[in-house]
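S.K.: only geometry, no sequence info:
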């Protein structure tokens, strides 16, 4: 079976610095990789490579059988960045609707409403993004990223700024997408949050996997202690 | 789910840019005020006994259009930079050329909007009867705006991520604007002097050729400016 997401010797250098160094891994439908690592470890660069935003210096990334950054591969990816990727002069609904239209959804209006309701921002949907709090902006940013129900969700610190209700909505949504067969990569500094969702866990250090393993059976406290030791 | 094609995606992006501008009106108002101020300053610096209004007006018009147009082109990618929105465009399943065409089309409407207000202002200030030449003038203004906008949008995208983008854009763009502004000013002078447009066909052909070449080239080159 072809994996849903596959990276083969994926690497990226910026000048002399290797931000991501020969990453090889794959995720099948329904799998979730929690990616941990200290600041500057290359987590965001790895996600940007997998979203087709930057070109790899070495290796390839594929979504199904399609190589990134082909259009067909990009259409199956949803990126939740640590920036909102929103237009602050437009309303929440206009931002999400614009994304839905760019992805060619036949019923963009209904998909927009569904995505905003799922993130519990339906009642603020017609407010310009600049008038929303940081947490609500993050919810809209997530709605924008998942409005086309992507097969691969790349989430960079998705819980940043979310309150309890927002976090619960996001966790529910990610679990729902996983159950529907999507593959997820969640970058986070919070081990508990990441491991709760993950089928696989990895620690990135200096652009390479320092550890990559199945998450089932991992003991949180032991893993946290080993993580601190690894990144120290 | 069918990905939008080049034209459909361009239109979506143009509509989005126009909606943002309509909502904020910041760049349009800035461009308009800059245009009107320039026209007023030129008027007060003008010695009518030394140079006739019909001789001065084409220069005033095209200097004004060029600099106010630059504001639009700079703003065009500013809205994408603010919260990293360009990344959402780049991950969407649309051809990257659509980003250029959509932004160029929105910029074209922006520049034409400024021209539509600045031309009557020049006519009033310099007491120029433009009514007889309005249709050919409109054609020249559209042709020149297409040329200015194609180069300006490309360079706006190129300089958007630089620290001195606001300064770099005019420095890079103005040399490319010369082949547009020169024929446009020549045709405008012909028309304002009441001479037949047939005499200016050579200049119009230059404008047309520039538009065709630069719209095509800029559309092709633009995706390369997005590569990191």
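M.R.: Looks like it arrived, so ask away. No experiment lies behind these values; they were computed from the predicted model shown.

S.K.: can you count the residues close to residue A:228?
M.R.: Neighbour count of residue A:228, defined by other CB atoms under 10 Å in any protein chain shown: 10. Using the backbone N, CA and C atoms, a C-beta is placed for each residue, glycine as well.

S.K.: Determine the three-state secondary structure at it.
M.R.: The three-state label given to residue A:228 by DSSP: H, G, I helix; E, B strand; the rest coil is helix.

S.K.: what does chain B put close to chain A?
M.R.: B:1-4, B:9, B:12, B:16, B:19-20, B:23-24, B:79, B:82-85, B:87-95, B:227-228 (CB under 8 Å from any CB of the partner chain).

S.K.: Next, give phi and psi for residue A:38.
M.R.: phi -70, psi 170 (degrees, to the nearest 10).

S.K.: mind listing what the nearest residue in space to it that is not next to it in sequence touches?
M.R.: Of all residues beyond its chain neighbours, the one nearest residue A:38 is residue A:231 (4.4 Å), with distances taken as CB to CB, 6 or more residues apart in numbering or on different chains. Residues in contact with residue A:231 (CB atoms under 8 Å, 6 or more residues apart in numbering or on different chains) are A:37-38, A:41, A:203, A:205.

S.K.: could you check the distance from residue A:231 over to residue A:225?
M.R.: In this view, residue A:231 and residue A:225 are 12 Å apart by CB to CB, to the nearest Å.

S.K.: So residue A:227 sits against residue A:36, correct?
M.R.: Yes - under the contact definition of CB atoms under 8 Å, residue A:227 touches residue A:36, with a separation of 6.2 Å.

S.K.: quick one: common contacting residues for these two?
M.R.: In contact with both residue A:227 and residue A:36: A:191, A:203, using CB under 8 Å, 6+ apart.

S.K.: Settle it for me: which of these two has more neighbours?
M.R.: residue A:36 (27 against 19).

S.K.: now the residue in chain B sticking out farthest from the centre, nearest residue through space, not along the chain?
M.R.: Residue farthest from the centre of chain B, counting by CA atoms, centre = their mean, is residue B:1 at 35.3 Å. Leaving out its chain neighbours, the residue that sits closest to residue B:1 by CB to CB, 6+ apart is residue A:104, at 5.1 Å.

S.K.: The one you found reaches residue B:5, doesn't it?
M.R.: No - counting by CB under 8 Å, residue A:104 stays clear of residue B:5, with 9.3 Å between them.

S.K.: And the helices in chain A, which stretches?
M.R.: Along chain A, the stretches classed as helices by DSSP state H are A:43-50, A:71-74, A:92-102, A:108-118, A:134-146, A:164-179, A:191-197, A:220-231.

S.K.: With mean pLDDT as new columns, can the ones you listed be given to me in a markdown table?
M.R.: Listed next are these as a markdown table, based on pLDDT from 0 to 100:
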| stretch | mean pLDDT |
| --- | --- |
| helix A:43-50 | 95 |
| helix A:71-74 | 93 |
| helix A:92-102 | 97 |
| helix A:108-118 | 96 |
| helix A:134-146 | 95 |
| helix A:164-179 | 90 |
| helix A:191-197 | 89 |
| helix A:220-231 | 90 |
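
S.K.: out of these, nearest to residue B:153?
M.R.: helix A:92-102 (19.0 Å; CB to CB).

S.K.: so does that closest one get close to chain B?
M.R.: Yes - counting by CB under 8 Å from any CB, chain B is contacted by helix A:92-102 at A:94, A:98-99, A:101-102.

S.K.: nearest to chain B, of these?
M.R.: Comparing these against chain B with CB to the nearest CB places residue A:102 closest, at 4.0 Å.

S.K.: mind listing what residue B:49 touches?
M.R.: Neighbours of residue B:49 in contact, by CB under 8 Å, 6+ apart: none.

S.K.: Give me the pLDDT for it.
M.R.: According to the prediction, residue B:49 has pLDDT 87.

S.K.: Ok, residue B:77 next?
M.R.: 89.

S.K.: how close does it sit to residue B:6?
M.R.: From residue B:77 to residue B:6 the distance is 20 Å (CB to CB).

S.K.: that older thread, how about the residues of helix A:92-102 next to chain B in a markdown table, adding neighbour count?
M.R.: Output for those, formatted as a markdown table (neighbours: other CB atoms under 10 Å in any protein chain shown):
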| residue | neighbour count |
| --- | --- |
| A:94 | 21 |
| A:98 | 26 |
| A:99 | 27 |
| A:101 | 23 |
| A:102 | 26 |
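
S.K.: Now do the same contact list for residue 98.
M.R.: You didn't pick a chain, so chain A it is. A:87, A:90, B:12, B:16.

S.K.: Chain B is the one I meant
M.R.: Contacts for residue B:98 (CB under 8 Å, 6+ apart) come out as B:4, B:6, B:9-10, B:13.

S.K.: Now it: closest residue in space that isn't a chain neighbour?
M.R.: residue B:9 (3.6 Å).

S.K.: okay, the angle between the helix or strand encompassing the one you found and helix A:92-102?
M.R.: Here residue B:9, judged by DSSP states H and E, is contained in helix B:6-24. Put simply, helix B:6-24 runs at 170 degrees to helix A:92-102, going by axes from the mean of the first three to the mean of the last three CA atoms, to 10 degrees.

S.K.: Kind regards, and thank you for your time.
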